[in-house]
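In: have a look at this fold, sequence not included:
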DNA sequence: GATAATTAGTTGAATCTGCAACTACTTCTT
DNA sequence: AAGAAGTAGTTGCAGATTCAACTAATTATC
């Protein structure tokens, strides 16, 4: 019996990894097909648009996105070139910098949101009933809390 | 009510993405700390060691790993330099190539397996009971099947 | 059986990522 | 208040990833 249990969680782990990969690929494809930037850009735009004054310190953005700081620096570089965000200096801490949403960034955020949310429903949410959503949420929350200790 | 449901699956989607990222990071760290190569290398080694004659065609390996072919070419390049796999020509299709496990590759597979499986238990499996494993498996299988249509 | 269309694998160029080192500033310690 | 320690952000560099283009072999079509 222990053997079967072992097998089943290993299979689940594989499923978890492959499902993630498949879903991310599908969403990226939908975005690309709509002529929109990649998922990571949406995460930045969404995080900023949910923030007070539509701006966040670089390190806050990096940690909410679970991204390396250096990675974020260059991501913001690219998005700044594209005119979707801009850097603003921080008065209270002169080391710091904000990334702030531009107007073009807000427009892009909304464009991307509609494609993204549609994709999440199509590939993910549509296949889960209420009970499953609850059960999955509980399980993943528990895992995440423990993993971060 | 529709609003709450909407919120809950969106939260679940975020949780899914962040949990994936946290777990992969944690596992990569454990591997690195043990002086072992990254996760992708383990996937190759494991796939080969589960295959008849410990070898697979490049395109088979790429598709089981959900990896771009060009990406796999270079991954195998690196692993070949490290002596863990070697390429073998294919008799029945002269375009084709096999990636095959070397003896050093088998040894490495076992070393990595023990660290990897320990990490999966610690960060993932330990926090799920039997019912949850079953429920999650069912849900993810359904999602994956639908996504691939 | 000749030619077109596919498929297998690799390569070049451009982009993206992660680690470590670096500068500049802030906070802690005494 | 001076110096140590820590934090914010960027940069250099090496490795990883993707896209498109390419070669070579196979399969389909007529």
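Out: Structure received. In this text, all values refer to a predicted model and were calculated from it rather than measured experimentally. Numbering: from 1, shown residues only, chains lettered A, B, ... in the order given.

In: what residues does chain A put near DNA strand D?
Out: Residues of chain A lying close to DNA strand D by Cβ under 7 Å from any atom of the strand are A:32, A:57-60, A:62, A:69-70, A:72-74, A:76-77, A:87, A:90, A:93, A:95-98. The way it works is simple: take the backbone N, C-alpha and C, and place the C-beta from them, glycine included.

In: give the buried subset of those residues as a ChimeraX selection command.
Out: To isolate in ChimeraX the members of the residues of chain A next to DNA strand D that are buried, counting by 16 or more other Cβ atoms under 10 Å in any protein chain shown, one can use:
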select /A:58,60,62,72,76,97,98
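
In: which of the residues of chain A next to DNA strand D fall within helices?
Out: With helices taken from DSSP state H, the overlap with those comprises A:32, A:58, A:59, A:60, A:62, A:69, A:70, A:72, A:73, A:74, A:76, A:77.

In: any chance of these in CSV, plus pLDDT and distance to DNA strand C?
Out: Output for those, formatted as CSV (pLDDT from 0 to 100; distance: Cβ to the nearest atom of the strand, whole Å):
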residue, pLDDT, distance to DNA strand C
A:32, 93, 11
A:58, 96, 13
A:59, 96, 12
A:60, 95, 15
A:62, 95, 10
A:69, 93, 7
A:70, 95, 3
A:72, 96, 9
A:73, 97, 8
A:74, 96, 5
A:76, 97, 11
A:77, 96, 9
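
In: which of these sits closest to residue A:105?
Out: residue A:76 (11.1 Å; Cβ to Cβ).

In: contacting residues around that closest one?
Out: Residues near residue A:76 by Cβ atoms under 8 Å, 6 or more residues apart in numbering or on different chains: A:44, A:58, A:61, A:85, A:87, A:99.

In: so the first one is in which element?
Out: Okay, so that is residue A:44. Per DSSP states H and E: residue A:44 is located in helix A:39-49.

In: tell me the helices and strands packed up against that helix.
Out: Judged by 3 or more Cβ pairs under 8 Å, 6 or more residues apart in numbering or on different chains; DSSP states H and E, helix A:39-49 is in contact with helix A:2-33, strand A:55-57, helix A:58-64, helix A:69-81, strand A:85-89, strand A:97-101, helix A:103-123.

In: buried deepest among those, which one?
Out: strand A:97-101 (a mean of 21; mean count of other Cβ atoms under 10 Å in any protein chain shown).

In: which strands border that strand, and is each parallel or antiparallel?
Out: Using DSSP bridges, strand A:97-101 pairs in its sheet with strand A:55-57 (antiparallel), strand A:85-89 (antiparallel).

In: report the angle between the axes of that strand and helix A:69-81?
Out: 40 degrees (axes from the mean of the first three to the mean of the last three Cα atoms, to 10 degrees).

In: what does strand A:97-101 contact?
Out: A:44-45, A:48-49, A:53-58, A:61, A:76, A:84-90, A:109.

In: again, only this time at 6 Å
Out: Contact partners of strand A:97-101, identified using Cβ atoms under 6 Å, 6 or more residues apart in numbering or on different chains, comprise A:48-49, A:54-55, A:57-58, A:61, A:76, A:85-88, A:90.

In: that strand near DNA strand C anywhere?
Out: No - Strand A:97-101 lies out of reach of DNA strand C by Cβ under 7 Å from any atom of the strand, never closer than 11.0 Å.

In: re the thing from before, can the helices and strands packed on helix A:39-49 go into CSV with extra columns for distance to residue B:139?
Out: Formatted as CSV, these follow (distance: least, Cβ to Cβ, whole Å):
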stretch, distance to residue B:139
helix A:2-33, 9
strand A:55-57, 33
helix A:58-64, 26
helix A:69-81, 31
strand A:85-89, 36
strand A:97-101, 35
helix A:103-123, 13
